[in-house]
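Peer 1: from the sequence below, what's the structure:
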Amino acid sequence: MVNLPFFKKKEPEPAVPAMTPGISADTPTAQPHGFFATRKQIAVEQGLFEKGLVNVLDYIAPSAFAVTPQYVQLENLYAKNLFVFSYARYLNTNWLSRIVNLDIQADISMFIYPLASSDVMSDLRRKITQLESTQTIEQEKGQVRDPQLQTAIGDIEGLRDALSRGEDRLFQFGLYFTVYSKSLEELETIVKQLEALLGGLLIYTKQALMQQEQAFSSSLPMGNDQLLINRNLDTAALSTSFPFVSSTLTSNDGILYGVNLHNSSLILFDRFESLENANAVVFATSGAGKSFAVKLEALRSLMFGTDVIVIDPENEYERLCTAVGGTYLSLSLNSSERVNPFDLPKTASDEKGEDILRSAVVSIKNLVGIMVSGLSPEEDALLDRAVYETYALKDITADLKSHGNEPPLMKDLQNILTNMTGAENLVRRLSKYTEGTFAGLFNQPTNINLNNGFVVFSIRDLEEQLRPIGMFLLLTFIWNQARFQMRKRFVIIDEAWILMRYKDSSDFLYSLSKRARKYFLGLTIITQDVEDFISSQQGRTIVNNSAMRLLLRQSPSAVDKLAEVFKLTEGEKLILREPR
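Peer 2: Here you go, the predicted structure:
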């Protein structure tokens, strides 16, 4: 044996800056304030100075890091690492999505090592020879058939065939989990939950005892596998572990609505393209942020060329309308903006004049029904005939050419009703809208249009009893525009419970929600009176015909009602009760 002397490794000296000819490292150089120092001393001091600077590592490194055989601790956060050591014979597609969508804080690391097919074929040939030899020996001894042995032989033969045809490849696959918690008790609970969930899929894990530091390093986004615990999987089995399969509400087009609480993914979609219809309902208590959410959606939709029309009961959209250069119209007795309910829409190529006229008559009857607080069957029949005669006064018939004539006014309808027997009571109730206090609002020609991309109709200054009438009149006007000038439009109806109080207006809103999709129209119905809205048949139907339902914070009494309608879980009910 030869004894070798022990050599101490010489520590590298700090780098010395390049020197000019004739000046050595020990040559003193002039320094400020009359001091002299060698270049070596300058390099050392410069190194000390750089150590005192703050760099990226100082920001991302924890203040304390402790390693134990069972877990690691990062400041006040505990982490435990697990690895998968056995997989089921058959893996279902998206099996890992259950873990990805689990409501825990965890990191999942996957390491994939492709194997050369030639080497794999050689190993499989050797293995199949061993298994077939074992099978032959057992048969010669007269032993009972071994199903596991036959299954293994069949699997290897199938894999060999797939590899030889180039249809499959073999990989080594390492799968590690790092779970986090602020307490050790909760950490153990999470680990047991994770082990039970994977065990139910016949995928078995072990805790990386005595290797927690290596396992934690393997879970960092550095691509450094320090555990090296891998299992062989073919292409089909490996594809089932594709991790990006969590349930999301994201599409390639559309606007941003928020963040998915389950996996922090973005909620991004287009109501016109991604959903079966563009209707939406928004339910929330006062102050929960429903108006803010709808304003944000309207602003983002406007950027993508979608027209936005708002019926605003409380002037909440005035500042937004001014900021985007929209048109703000105030509907009141003192304002100059007017809408004539007798206006006929511009005709489309596939519409018949008779159908257009009939639709206008029905809308006027519904409007008058709201004005006079309901119609008897006799009054309804008289009103139907009177509306047709009112149009006839202006030579407007089923002929499309006549629809360009000047439309009649509400005063003309009253004159027709005055000359009809049995309509005296109806005339008296209608007179306040033609001769009395409210005469100017419904008895003048239309002087507004919807050509601007953002239009807001304010009805705040309307008297309380005129609000449902004004909302119904505006919706009819918007509907006529949308039917014959089709382009993407959002119609935002704030405080929709006002319309739901009256049968005629709720029926119209119900009909509008069912027909809007055909005309690129999307209704956004906002209400804080949840119970009254969904307790009516029309309200339930509107909700069912809305592909998007936005539920924000609710009152405790409304949560149970919503849970019944939308089949909410206990966790979802808890989210609706919590202030955000």
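Peer 1: domain ranges for the protein?
Peer 2: 29-112+172-231, 116-168, 277-338+446-580, 340-445 (automatic domain parsing).
Peer 1: distance to residue 271 added to those domains, as JSON lines?
Peer 2: All C-beta atoms are positioned from the backbone trio N, CA, C, and that covers glycine. Formatted as JSON lines, the domains of the chain follow (distance: least, CB to CB, whole Å):
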{"stretch": "domain 29-112+172-231", "distance to residue 271": "24"}
{"stretch": "domain 116-168", "distance to residue 271": "43"}
{"stretch": "domain 277-338+446-580", "distance to residue 271": "4"}
{"stretch": "domain 340-445", "distance to residue 271": "24"}
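Peer 1: by mean pLDDT, show me the worst of these.
Peer 2: Sorting those by mean pLDDT places domain 116-168 lowest, at a mean of 80.
Peer 1: any idea how far that domain is from the chain center?
Peer 2: The chain centroid and the centroid of domain 116-168 are separated by 50 Å under CA atoms, centre = their mean, to the nearest Å.
Peer 1: just give me the neighbour total for the residue nearest to residue 225 when sequence neighbours are not counted.
Peer 2: With sequence-adjacent residues excluded and distances taken as CB to CB, 6 or more residues apart in numbering, residue 225 is closest to residue 111, at 4.5 Å. Using other CB atoms under 10 Å, residue 111 has 18 other residues around it.
Peer 1: name the helix or strand for residue 111, please.
Peer 2: Assessed by DSSP states H and E, residue 111 sits inside strand 106-114.
Peer 1: just the helices in the stretch 301-450 of the chain please.
Peer 2: 318-323, 353-371, 377-393, 410-418, 424-430, 439-442 (DSSP state H, counting those that start in this stretch).
Peer 1: closest one to residue 543 among these?
Peer 2: helix 353-371 (21.7 Å; CB to CB).
Peer 1: just the buried positions in the closest one, please.
Peer 2: 353, 356-357, 359-361, 363-371 (16 or more other CB atoms under 10 Å).
Peer 1: also stretch 284-299?
Peer 2: Neighbour counts over stretch 284-299 (16+ other CB under 10 Å) mark 284-285, 288, 290-291, 293-298 as buried.
Peer 1: most widely separated two among the residues you listed?
Peer 2: Within those, two members stand farthest from each other by CB to CB: 285 and 298, at 21.0 Å.
Peer 1: off-centre distance for stretch 568-580?
Peer 2: In terms of CA atoms, centre = their mean, the centre of stretch 568-580 is found 17 Å from the chain centre.
Peer 1: buried residues in that stretch, which are they?
Peer 2: Residues of stretch 568-580 classed as buried by neighbour count (16+ other CB under 10 Å): 568, 575-576.
Peer 1: max-length helix in this structure?
Peer 2: helix 117-140 (DSSP state H).
Peer 1: for that one, which outside residues touch it?
Peer 2: Helix 117-140 has contacts (CB atoms under 8 Å, 6 or more residues apart in numbering) with 146, 149-150, 152-153, 156-157, 159-160, 163-164, 169-170.
Peer 1: and the furthest pair within these?
Peer 2: Pairwise distances across the contacts of helix 117-140 (CB to CB) peak at 29.2 Å, for the pair 146 and 169.
Peer 1: more neighbours, those two?
Peer 2: Per other CB under 10 Å, whichever of residue 146 and residue 169 has more neighbours is residue 169, with 16 against 13.
Peer 1: isn't the more buried one right up against residue 113?
Peer 2: No: Residue 169 sits out of contact with residue 113 when judged by CB atoms under 8 Å, with a separation of 11.3 Å.
Peer 1: one step back: TSV for the helices of the stretch 301-450 of the chain, including distance to residue 79?
Peer 2: Listed next are these as TSV, based on distance: least, CB to CB, whole Å:
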stretch	distance to residue 79
helix 318-323	46
helix 353-371	64
helix 377-393	73
helix 410-418	74
helix 424-430	75
helix 439-442	68
